[in-house]
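here is my input, please return the structure:
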Amino acid sequence: RRKARGTEGSFSSSLVFAFVLSISWGTMRNLVRWSIIVVLLFRLLPIQAFAAQPRGIYAVYPINDPADYSSGIVDQLLGNSAVSGIALRERWMHLEPSDGSYQFTSIDEVIAKASRVQKTVQLILVPGFFSPSWLLSKLPSCEDGWKTTCGKTDFSIPYGPDSRGANTLQPLPLPTSNTFCAGFKSSSVSIKATVKG
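Numbers count the residues shown, from 1 in each chain. All right, here's what the predicted structure looks like:
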């Protein structure tokens, strides 16, 4: 009887050992499979797919007029150790004063300064009342009576973009205008390609 129990015990121990080995081998196979998949993803996909999303505190630097830009303020903001980067707010009318012609001087400088101190830049493009005149001239006015094809309307606002004056009527493009949406999308794509390039 003792021999039978001993044999039975070693047999059950062998089964447990084989079961543990099979789990370990299965787990190992899965790890190898996933490792190969991860390596292939990093190898085959463009690096932009894995780009880190901006995190932390960003200093918003509004450039309401090109003359407002100050290299010293940019240095001061980037020199703050609590700041992860700069959110540069530019008015569309200054960034693209004529159709397809861009002014990237300040953006290029901010990006260069930020990259030297390992910080990032976000660009906030402000349309609306600050849309360029070349685009506004393409939009039919709603002031002659509301039409389904109109693309802009005038509003009195308590401030004026640049030197247009305060409390005057300002044209505001309607977000439902196909011409406005196409122009903004086209400009955004061009700006993104140029800035990232």
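
all strands for the protein, in order.
Here the chain has its strands, by DSSP state E, at 58-63, 85-91, 120-126, 152-156, 169-173.

for Ser106, find the nearest of the ones you listed.
Nearest to Ser106 among the strands of the chain is strand 58-63 (6.2 Å), distances taken as Cβ to Cβ. Any C-beta I mention is one placed from the backbone N, CA and C, and that applies to glycine too.

that closest one pairs with which strands, parallel or anti?
Its sheet considered, strand 58-63 pairs with strand 85-91 (parallel) by DSSP bridges.

per-residue confidence for the residue nearest to Pro140 when sequence neighbours are not counted?
Of all residues beyond its chain neighbours, the one nearest Pro140 is Cys150 (5.1 Å), with distances taken as Cβ to Cβ, 6 or more residues apart in numbering. On the pLDDT scale, Cys150 is placed at 84.

can you check Ala67 too?
On the pLDDT scale, Ala67 is placed at 90.

run a quick neighbour tally on it.
8 (other Cβ atoms under 10 Å).

and for Leu78?
20.

my guess is it contacts Lys119, does it?
Yes - counting by Cβ atoms under 8 Å, Lys119 is a contact partner of Leu78 at 5.7 Å.

residues that sit against both of those two, list them.
Residues touching both Leu78 and Lys119 (Cβ atoms under 8 Å, 6 or more residues apart in numbering) are Gly85, Ile86.

mind listing the helices for the protein?
2-44, 71-79, 92-95, 105-116, 133-136, 178-196 (DSSP state H).

before we move on, the earlier item: where does the residue nearest to Pro140 fall, phi/psi-wise?
Main-chain dihedrals, Cys150, degrees, to the nearest 10: phi -70, psi 150.

and it, how many neighbours?
Neighbour tally, Cys150, other Cβ under 10 Å: 17.
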